[in-house]
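A.B. asks: coords please:
(3 chains)
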Amino acid sequence: MAKPMDQYTWRELLVGNVISEPGSSQEYKTGDWRSLKPVFDNVKCIKCGVCWMFCPDNAIMQDADEFFCADLDYCKGCGICARECWPGAIAMTEESK
Amino acid sequence: MSAGANKAGKRTGIEISLAISEAAKMARVDAVAAYPITPQTHVVEHLSELVASGELDAEYICVESEHSALSACIGTQAAGARTFTATSAQGLELMHEILYIAAGMRMPIVMAVANRALSAPLSIWNDHSDVMACRDTGWIQVFAENGQDAFDQVICAFRFGEDRRVQMPVMVNFDGFTLSHVVESVEFPAQELVDSYLPPYRPENTLHPDRPLTLGAFAMPEIYTETRMAHEAALLASRPVIDDAWAEWGKLTGRHYKAVETYRTEGAETLFVTMGGLSENAMEHVDAAREKGKKVGLVHIRLWRPFPIDEMRKVLCTAAHVVVMDRALPPGAHGGPVFTEVKSALYDQSRRPTVHGYIAGLGGRDVTPADFGTMYDLAMAAVKEGKKEEFRMIGVRS
Amino acid sequence: MLEIRIHGRGGQGAVTSVELLAIAAIEEGKYAQGFPSFGPERRGAPVMAFCRIDERPIRLRSKIYNPDVVMVLDPSLLGVGNPSAGIKDGGIVIINTHKSEEEVRKEYGIKATLALVDGYKIAREELGAPITNTTMLGALFGATKALKNESMEGPLRERFGKIGERNVKAFRRACTETAIFPAKT
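C.D. replies: Presented below is the predicted three-dimensional model:
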């Protein structure tokens, strides 16, 4: 969105309130909702991808070495990845240390 | 039951429901999604025949309910297809939540509504209860008065509904049975005339992988008010476009339509206000009453939403008394919907007539020209006695 | 304006009759309306259907209370209601019956002009079924001369397809076999 929602006048809305910008939700960084963040232990990680599969926010990525890590712009810290990671490679740790 | 669309320029005897299907065909609709319900069944039944026989190249989607019918219509319309459906009564109410969605998403679907009473008690007969329950859904709402009118309105509805300045769904209301099941004469225009009047549908926004869009997104409190204001403004702004569409249709066919029609209003002291098929019965009464020297006239409303408030004020304020006939009873509202609308339009006028509301013709009860005489007499008696008569139901046994 | 009311039973084709009548009148360049007494269609239940024919556009949309013509498709209806109720002075009552004028007048007390035809006989012989609507349309044309016979034959053929010709024959026979008896004062 070009500007915050509460700054649009009714005249500026598109017909039918269409959102013409594809993927505009990317601009909305949900990472700042997080109080716990996932920390990945690459020694324990077997690259099975179960965290990637279960993440409800599509916020797990792979790094150059194909290890999984969190996209902290969008990760809300829900902890599902840590719960599902059966080798126990993900620990939820407090955001503000 | 073949219709006479090939008999261009000649009056053809046809059931009005079938004439409406022919209008959708001549508008070259791309998609029809419908669930058949009495008395509009014949509209979609005939459309299914036209699609099956190849006379109409359209997608015909049989659905399991009216809720699904209108949902499917939104889908096809969003994909860029010119879409038509028809319903009635309970079916319209089952569509109710989707009606708002079609309007809010500005999908110019055209829907013929065979107006009918609502259950309970179960009634299949004509009145305006169904559409009045959908008054505030944000659709353009037009009332037809006869078969020719209904046919013409379907074609005109596509023209102004799809106009880039409008982009609104349109309900074409026609009285269930009283119009829907009547065989009368309808003059079909030539296909070339309809094609020249109604260009192919070129929607502003469609679902297409090459140009991704989000349709029907949610709106937070920060923006919802603005979306409603935008809808209100767009509905009001549709007026000149509707007028132009009717004016051009009039030029092409010689059949002229206006938002507010008048009949023998010159010098009238009392004006009847009606909407729908029984307006013609009111004309019969006006003729008879004028013969007897009574100064009466008729104002009949074709465009219900957006409400033509300026014309109504202008014409009604010339009279001393206004007698409004409603075809629906909104319980507890102190008057029928047209009555309350008219009264509120006149309230702040410096010279305003007395307004008398009568509710008649509920659930198929016949309304004869003489019944308009009864309404007139009741109104005049109230005026004479200086009574402030709010409204009453006509023909109810007590 | 000519106002016609047809009395029949659900399934006997009263509604089809008024539709065909309206179409025939419009084909002739007149204005017309044909409509049923709306309701849930129930086979065997007494039903009414209405037709108005005029030289100018018709605005009246109420039922017909004072018809010029009453037509009774099923003689048993004469015993259960009063089909000729409200008939205008100078009106005509057309009945499908094998009975004589005297019998009909005596049994049902009808004073208006009568047009009688044994519609069941004609329908059985021409159509092989006791469905009398198209036959009785012939009686109506014969008795009223309101429209040209040819105006109805096209719509009959179009509506009934394969059995169109047989319906036309039944229609024509009833046109000539209908006997008219002037009103009794």
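A.B. asks: could you find the residue nearest the spatial middle of chain C?
C.D. replies: Most central in chain C under Cα atoms, centre = their mean is C:Met71, positioned 4.2 Å from the mean C-alpha point.
A.B. asks: who does the one helix or strand that residue maps to pair up with?
C.D. replies: Assigned by DSSP states H and E, C:Met71 falls within strand C:69-72. Each strand pairing with strand C:69-72, determined using DSSP bridges, is listed with its direction: strand C:2-9 (parallel), strand C:92-96 (parallel).
A.B. asks: can I get those strands in a markdown table with mean neighbour count?
C.D. replies: (Each C-beta comes from the backbone N, C-alpha and C, glycine too.) Shown next, in a markdown table, are these (neighbours: other Cβ atoms under 10 Å in any protein chain shown):
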| stretch | mean neighbour count |
| --- | --- |
| strand C:2-9 | 24 |
| strand C:92-96 | 27 |
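A.B. asks: Serialize those strands to TSV and add fields for mean pLDDT.
C.D. replies: As requested, those are arranged in TSV below (pLDDT from 0 to 100):
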stretch	mean pLDDT
strand C:2-9	96
strand C:92-96	98
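A.B. asks: dump those strands to a markdown table, plus distance to B:Phe158.
C.D. replies: Compiled in a markdown table, the strands paired with strand C:69-72 are given as follows (distance: least, Cβ to Cβ, whole Å):
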| stretch | distance to B:Phe158 |
| --- | --- |
| strand C:2-9 | 37 |
| strand C:92-96 | 45 |
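A.B. asks: which bits of the stretch 201-350 of chain B sit near chain A?
C.D. replies: B:204-205, B:212-215, B:217, B:219-220, B:222-223, B:225-227, B:229-230, B:233-234 (Cβ under 8 Å from any Cβ of the partner chain).
A.B. asks: buried only: go through those for me.
C.D. replies: The neighbour count (16 or more other Cβ atoms under 10 Å in any protein chain shown) marks B:Asn205, B:Leu213, B:Leu215, B:Ile223, B:Glu226, B:Thr227, B:Ala230, B:Ala234 as buried among these.
A.B. asks: list the contacts of the residue nearest to the centre of chain C.
C.D. replies: For C:Met71, the contact set (Cβ atoms under 8 Å, 6 or more residues apart in numbering or on different chains) comprises C:Ile4, C:Arg5, C:Ile6, C:His7, C:Ser17, C:Val93, C:Ile94, C:Ile95, C:Met136, C:Ala139, C:Leu140.
A.B. asks: would you check how far apart whatever residue of the stretch 1-150 of chain B ends up closest to chain C and C:Val18 are?
C.D. replies: Closest approach between the stretch 1-150 of chain B and chain C, counting by Cβ to the nearest Cβ: B:Gly13, at 3.5 Å. Going from B:Gly13 to C:Val18 by Cβ to Cβ, to the nearest Å gives 11 Å.
A.B. asks: find residues that contact each of the two.
C.D. replies: Listed as contacting both B:Gly13 and C:Val18 by Cβ under 8 Å, 6+ apart are B:Val183, C:Gly34.
A.B. asks: residues near the closest residue to B:Glu59 other than its chain neighbours, how many?
C.D. replies: Closest residue in space to B:Glu59, ignoring its immediate chain neighbours: B:Ala31 at 4.5 Å, by Cβ to Cβ, 6 or more residues apart in numbering or on different chains. With neighbours defined by other Cβ atoms under 10 Å in any protein chain shown, the count for B:Ala31 comes to 22.
A.B. asks: and the one 10 residues further on, by the same measure?
C.D. replies: Residues lying near B:Thr41 (other Cβ under 10 Å) number 17.
A.B. asks: do B:Cys317 as well
C.D. replies: For B:Cys317, the count of nearby residues is 15 (other Cβ under 10 Å).
A.B. asks: so where's chain A shaky on pLDDT?
C.D. replies: Scanning chain A for pLDDT under 70 picks out the ranges A:1, A:97.
A.B. asks: contacting residues for the residue in it that chain C sits nearest to?
C.D. replies: Distances from chain A to chain C, computed as Cβ to the nearest Cβ, single out A:Gly16 as the nearest residue at 38.7 Å. For A:Gly16, the contact set (Cβ under 8 Å, 6+ apart) comprises B:Gly104, B:Met105, B:Arg106, B:Met107, B:Gln167, B:Asn205, B:Leu215.
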